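Enquirer: give me a model of this one.
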Amino acid sequence: MKKIEAIIVPGKLDAVRAELERHGISARLTLTDVRQAGERTASLLPQTEVPGELSDRLKVELIVGDRQVQRAAGVITRHGPVALRVNEVLQIVPPLSNT
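Expert: Numbering: from 1, shown residues only. Next comes the predicted model:
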């Protein structure tokens, strides 16, 4: 199994969800609101103003079987333009049983 994470524009979520279902990928999505900073870094201090533009994004996470990884990643990149490129793919391995 593999975990896929993508950061997309919120308005594209319905299209991504529909296309995943259409391609037979029924994984549950975990959604997280994120903010993407422009050229300047954001300050965590409440009294400090943050120069630059922040835009809303959604982080979409899903876990799919090994055979569905390419299909799911393709759907996400086509229907929910990803703000970042893929850096790494992690394989999820179930814990070893003590039997």
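
Enquirer: quickly run through the sheet partners of the lowest-mean-pLDDT helix or strand in the chain, with directions.
Expert: Across the helices and strands of the chain, mean pLDDT, DSSP states H and E gives its lowest value to strand 30-37, namely a mean of 81. Here the strand partners of strand 30-37, with direction, are listed using DSSP bridges: strand 54-64 (antiparallel).

Enquirer: can you name the next helix or strand after the strand it pairs with?
Expert: On the C-terminal side of strand 54-64, the closest following helix or strand by DSSP states H and E is helix 69-79.

Enquirer: okay, angle between that following helix and strand 54-64 too, please.
Expert: Counting by axes from the mean of the first three to the mean of the last three Cα atoms, to 10 degrees, helix 69-79 lies at 160 degrees to strand 54-64.

Enquirer: kindly format the C-alpha coordinates of helix 69-79 as PDB.
Expert: What follows is helix 69-79, C-alpha atoms only, in PDB (Å, rounded to 0.1, in the frame of the first residue of the first chain):
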ATOM      1  CA  VAL A  69      -0.900   4.300  -7.200                       C
ATOM      2  CA  GLN A  70      -0.200   5.400 -10.800                       C
ATOM      3  CA  ARG A  71      -3.900   5.700 -11.600                       C
ATOM      4  CA  ALA A  72      -4.700   7.700  -8.500                       C
ATOM      5  CA  ALA A  73      -1.700  10.000  -8.900                       C
ATOM      6  CA  GLY A  74      -2.600  10.600 -12.500                       C
ATOM      7  CA  VAL A  75      -6.200  11.500 -11.600                       C
ATOM      8  CA  ILE A  76      -5.100  14.000  -9.000                       C
ATOM      9  CA  THR A  77      -2.600  15.700 -11.300                       C
ATOM     10  CA  ARG A  78      -5.000  15.900 -14.200                       C
ATOM     11  CA  HIS A  79      -8.100  17.100 -12.300                       C
END
